[in-house]
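Enquirer: Predicted model, plus sequence, below.
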Amino acid sequence: MKKIVGMLLTALLLNASDITVSNSLTLNEAIEILKSENLEIKTASLDVDSAKAEVQTASGNHWGKLDFVQDYANSNDAGNVFGFKLTSREANFNDFGFDEFLAQMGGLPGNSATLLATQPKNLNYPDARNFFQSKLKYEVPLFTGFQISSYVDIMESMTKMKKLEKKQVINEKIYQVRKSFYDMALLRNSTKNLNTILTNIDTLENMTEQMIEVGYAKKVDLLEVQAKKGNVQRLILQMESNQKLLYHYISFLLNQKVENISTTSASVSMPVFTNEDVLNNNLDIQRASTGLEVRKSMVDVSKSSYYPMVGAFAEAATADDTFLGSADDHKAYTVGARLTWNIFNGGIDEANVEKSRIQHIKTKTQVELAKKGIALKVAKIRTEIETYDAEIASLEKELALADEIYANYEGRYREKLTSMSDVIIKQSEQIQKILELQMAQNKRNERIFALEKLANGENK
């Protein structure tokens, strides 16, 4: 019996929260609060939002980018100064030293070699100049070998994956809430049965005291009754402590303090969905199938290396030695396109495609393995539930028999046909059957919840 009680005590472990729900909370109300307040579900929702943003990031590459660039420079470098003037459309002949050239034009023709060898000071030693250039530049990919669209498909599949993961978190938390409610119902039912036994012990204690007064019973009989009474009171206290632990755990799940819940049946009804329903709804299989979609898109990304990359650009700019000075007169534009096509890279592209193709085949095999694994789990759980159903039916009959036997031995003790030790033994057997029945019902409920989890929490 101690072993059974110990297993019951270690079945539930939990924490506490802040906001208080003082009214009697139903299971459906608890599930609704869970969906909106549970911190793990909120975290999973943020992961979904982040994945959606990744889709927008990947899709945005289709539209290219528009940049505004503002440059400022100051230099007396000959090449820079001449380039600055040329860019701002302000270069003149004097920049080439034509003033020095014309000043020597009156010389004799024989001096032409000397004239050509003259280094123009204005060109080689210009004054320092400021340079302001304002530029708008737009670049857009025209064809990327379906690379961008493949990345968008991957990000959309990853978003789908995050949504499935969120469903799994919700599914798991609902499972924990439901199990906690049914565990509470079992504890309350067992406590009720133990209180009934305690009432019987009180009656037996009063009867023993009366029989001692008239000499029909001994003091040791009373001590046996009182010892058994203390044992039952201890069990009731343990049951009540487990209920407090369950309240802490439910409060943790709902992210608010819960002080009272409403329970009905302690037994979960058997779901009626088929094995095919389980396979169609199972989240692990859906995630594996989504992973297969990702692998297929990765093959497409690898194949994009075989195609040329084509892009276009356009820019408009204005430049001056002051910010936006004579902007309209100094404006300029450039448009162009570029094609890049890798012809040979040592077979790396082919190797990458083959690697992606193998990963795709591997993932496809894993999807089939996941389906067979889930089917095996379903068959195992259904067999376990059938076993627990038979065990519970047997234990219910054994408990009914133990109740009758105890009542019979109590009557026989009054007639001094049996000892108090025999009565206590029969009562111990009665208590043990109650605890064994509770454990079997708890295991059956847990297996049914596990079956519902495999079917995405569907309870059809």
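Expert: It's in.
Enquirer: Burial check on Thr191, number of neighbours?
Expert: A count of nearby residues for Thr191, using other Cβ atoms under 10 Å, gives 21. Quick note: C-beta positions are derived from backbone N, CA and C, even for glycine.
Enquirer: Isn't it up against Asn242?
Expert: No - in terms of Cβ atoms under 8 Å, Thr191 does not count as a neighbour of Asn242; the distance is 9.3 Å.
Enquirer: How about residues contacting stretch 324-338?
Expert: By Cβ atoms under 8 Å, 6 or more residues apart in numbering, the residues outside stretch 324-338 that reach it are 87-90, 132, 134, 142, 310-320.
Enquirer: which regions of the stretch 251-400 of the chain sit below the pLDDT cut-off?
Expert: Applying pLDDT under 70 to the stretch 251-400 of the chain flags residues 266.
Enquirer: How much space separates Leu283 from Gln168?
Expert: Note on Leu283: its distance to Gln168, by Cβ to Cβ, to the nearest Å, is 5 Å.
Enquirer: Quick one: mean pLDDT over the helix or strand hosting Gln210.
Expert: Using DSSP states H and E, Gln210 maps to helix 147-213. For helix 147-213, mean pLDDT is 89.
Enquirer: ditto for stretch 60-80
Expert: Taken as a whole, stretch 60-80 has a mean pLDDT of 93.
Enquirer: show me what contacts the residue lying closest to Leu198 once chain neighbours are set aside?
Expert: Sequence neighbours aside, Val232 is the residue nearest to Leu198 in space, at 5.1 Å (criterion: Cβ to Cβ, 6 or more residues apart in numbering). The contact partners of Val232, by Cβ under 8 Å, 6+ apart, come to Leu194, Ile197, Leu198, Ile201, Ile431.
Enquirer: Can you tell me which of those is nearest Leu417?
Expert: Nearest to Leu417 among these is Ile201, at 19.8 Å by Cβ to Cβ.
Enquirer: residues near that closest one, how many?
Expert: Here the number of neighbours of Ile201 (other Cβ under 10 Å) works out to 20.
Enquirer: Same question for Lys364.
Expert: Lys364: 16 surrounding residues under other Cβ under 10 Å.
Enquirer: repeat for Lys229
Expert: Applying other Cβ under 10 Å, we find 17 residues neighbouring Lys229.
Enquirer: wouldn't it be in contact with Thr199 here?
Expert: No - using Cβ under 8 Å as the test, Lys229 is too far from Thr199 to be in contact (10.6 Å).
Enquirer: ok and the top strand by length along the chain relative to helix 147-213, angle-wise?
Expert: Longest strand of the chain, by residue count under DSSP state E: strand 129-143. Between strand 129-143 and helix 147-213, the angle comes out at 70 degrees (axes from the mean of the first three to the mean of the last three Cα atoms, to 10 degrees).
Enquirer: On the pLDDT front, check the closest residue to Asn255 other than its chain neighbours for me.
Expert: Of all residues not flanking Asn255 in the chain, Glu37 sits nearest, at 4.3 Å (Cβ to Cβ, 6+ apart). As predicted, Glu37 sits at a pLDDT of 93.
Enquirer: could you list every residue that touches Glu37?
Expert: Leu254, Asn255, Gln256.
Enquirer: Turn those residues into CSV, including secondary structure.
Expert: Listed next are these as CSV, based on DSSP: H, G, I helix; E, B strand; the rest coil:
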residue, secondary structure
Leu254, helix
Asn255, coil
Gln256, coil
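Enquirer: What's the PyMOL syntax to select whichever of the contacts of stretch 324-338 are buried?
Expert: Here is the PyMOL command that picks out the buried ones among the contacts of stretch 324-338, judged by 16 or more other Cβ atoms under 10 Å:
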select buried, resi 87+88+90+132+134+311+315+317+318+319+320
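Enquirer: Strands of the stretch 201-350 of the chain, start to end?
Expert: Secondary structure of the stretch 201-350 of the chain (DSSP state E, counting those that start in this stretch): strands located at 257-258, 309-320, 331-340.
Enquirer: among those strands, which is nearest Gln56?
Expert: Taking those one by one with Cβ to Cβ, strand 309-320 is closest: 21.1 Å.
Enquirer: The closest one pairs with which strands, parallel or anti?
Expert: Strand pairing for strand 309-320, using DSSP bridges, gives strand 129-143 (antiparallel), strand 331-340 (antiparallel).
Enquirer: contact partners of that strand?
Expert: Among residues not part of strand 309-320, those counted as contacts by Cβ under 8 Å, 6+ apart are 84, 87-88, 90, 131-145, 324, 326-328, 330-341.
Enquirer: run the last query once more with 6 Å
Expert: Outside strand 309-320, the residues within contact range by Cβ atoms under 6 Å, 6 or more residues apart in numbering are 87-88, 132-144, 326-327, 330-340.
Enquirer: same deal with stretch 357-368?
Expert: With contact meaning Cβ under 6 Å, 6+ apart, stretch 357-368 is reached by Ala288, Ser289, Gly291, Leu292, Arg295, Lys296, Val299.
Enquirer: If you tally nearby residues, what's the number for the last one?
Expert: Other residues near Val299 come to 18 when the count uses other Cβ under 10 Å.
Enquirer: contacting residues around it?
Expert: Contacts for Val299 (Cβ under 6 Å, 6+ apart) come out as Ser356, Arg357, His360.
Enquirer: Can you pull the phi/psi pair for the residue nearest to Asn255?
Expert: Torsion angles at Glu37 (phi, psi; degrees, to the nearest 10) stand at phi -120, psi -20.
Enquirer: Over to Leu417?
Expert: The phi and psi values for Leu417, taken as degrees, to the nearest 10, are phi -100, psi -10.
Enquirer: That one - how many residues pack around it?
Expert: Neighbour count for Leu417, taken as other Cβ under 10 Å: 10.
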